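# Compute the structure for the input listed below.
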Amino acid sequence: MLGCGGCASRTAAMKHCFYNETVGFFYNNSRKELTTYWRTKDVLVVALGLTVSVIVLLTNLLVITAIIINRRFHYPIYYLLGNLAAADLFAGIAYMFLMFHTGPRTAELSLKTWFIRQSLLDTSLTASVVNLLAIAVERHQTVFTMQLHSKMSNQRVMILIFCIWVTALLLGLIPSYGWHCLCALDKCSSMAPLYSRSYLTFWAISNLVIFLIMVVVYTHIFIYVKRKMTRMSKHTSFHPRYKETMISLVKTVTIILSAFVICWTPGQVVLLLDGLGCKSCNVLAVEKYVLLLAEINSLINAIVYSYRDSEMRSTFRRILCFVCYRNSKYTPTVVKLNTADRRTLSQNGHFTVDSSI
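Below is the predicted model of the structure:
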């Protein structure tokens, strides 16, 4: 009986949770520095972070507004682009919230506020990544069927968008509802001292798998387009605008892959190293920079997926010059078609050569 009582005591001690401790307690446990004053490095990071956040907010808000007011954008791919802009807009808000609650202010946070800060980031970044995957799959489908717009119904698009946000919310909120280290200090991560290392490993691997799928999808598109251009160059009957669009598509795919790899891979690798408990890896030295790099991708998304679309750029100009056009009602740009252009129309009546997205 005494032996069992001792086991029960040890079990109770092992299950002891530190819900009433401060954020500083967990930072000390993980040996992560928690400053009480503003250093030059902190000021620079916050200043740069707020600048990036404001630009991300404005550019993605512009994209969302353009998609809403221009009926030409009321198609599945643009709904997904709008949802990507919404996710990146949310990421900008989350990162701005982080900038206002970082540095010396971190020590003043309650555990609840700290979890909110991290959950906002995790949810927004997950939504952005999953949305990028959905766009990649949609583009793959439309390119290989020689269509500008997929035949996916609006209802299916809305269901897909709903699933994207449910997935993002689940992954973002899981740590707050149990997958943390408040009851197991030996499992706390270095970068996120209240998070379990196993969660960081899971999150990093999940994102890296998504990255791999995206690379495969876009590489397939790239190879297909290159082969199509090679075959097309042997014939003179193809419409010249088709070739121009193919070249533009290759450029866009190259930019997408380059930006994605540069902005996201470093952060995921650092998270994975921290999750695996690498003692010799100085992950804290690059933590803030890889997070900022991932946030910059929210800005690049708006540029790559939207600003390369001529109709989108035209709509942006109309929005930005709204004061000049306040006395005239907005009407979408009308494209006049000649006989040759009509041959490039798809069965649903839309250009197969107008988009390089």
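# can you list the weak-confidence ranges in this protein?
1-15, 146-150, 233-247, 249-250, 253, 323-357 (pLDDT under 70).
# center of it, which residue is that?
Nearest to the mean C-alpha position of the chain, by C-alpha atoms, centre = their mean, lies Ser128 at 2.7 Å.
# any idea how far Ala184 lies from Tyr199?
12 Å (C-beta to C-beta, to the nearest Å). C-beta: built from backbone N, CA, C; applies to glycine.
# So these two - more neighbours on which side?
Tyr199 (22 against 16; other C-beta atoms under 10 Å).
# residue contacts, the more buried one?
174-175, 179-180, 189, 275 (C-beta atoms under 8 Å, 6 or more residues apart in numbering).
# Can you give me the buried ones in the host helix or strand of it?
Here Tyr199, judged by DSSP states H and E, is contained in helix 197-232. Buried residues in helix 197-232, counting neighbours by 16 or more other C-beta atoms under 10 Å, are found at 197-204, 206-208, 210-211, 214, 217-218, 221-222, 225, 228-229, 232.
# How about stretch 170-178?
Result for stretch 170-178 [16+ other C-beta under 10 Å]: buried residues 171-172, 174-176.
# Mind checking which of those are in helices?
Using DSSP state H, the members of these that fall in helices are 171-172.
# SS state for the residue lying closest to Cys263 once chain neighbours are set aside?
Closest residue to Cys263 apart from its sequence neighbours, by C-beta to C-beta, 6 or more residues apart in numbering: Asn297 at 3.6 Å. Using DSSP: H, G, I helix; E, B strand; the rest coil, the structure places Asn297 in helix.
# surely Asn297 meets Val261?
No - applying C-beta atoms under 8 Å, one finds Asn297 not in contact with Val261, separated by 10.2 Å.
# the more surrounded of these two?
Asn297 (22 against 13).
# Against Ala87, how distant is that one?
11 Å.
# any common contacting residues for the two?
The contact lists of Asn297 and Ala87 share Ser128, where a contact means C-beta under 8 Å, 6+ apart.
# Please state the offset of stretch 189-196 from the chain centre?
Relative to its chain's centre, stretch 189-196 lies at 22 Å (C-alpha atoms, centre = their mean, to the nearest Å).
# ok, now stretch 93-103?
17 Å.
# List the buried residues in it.
Applying 16+ other C-beta under 10 Å to stretch 93-103 flags 94-99, 102-103 as buried.
# just stretch 260-269 next, same as before
260, 263-269.
# for stretch 102-114, same thing?
102-103, 106, 109, 111, 114.
# Now tabulate the residues you listed in CSV and tack on distance to Thr36 and secondary structure.
Output for the buried residues of stretch 102-114, formatted as CSV (distance: C-beta to C-beta, whole Å; DSSP: H, G, I helix; E, B strand; the rest coil):
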residue, distance to Thr36, secondary structure
Thr102, 13, coil
Gly103, 10, helix
Thr106, 10, helix
Leu109, 13, coil
Leu111, 19, helix
Trp114, 17, helix
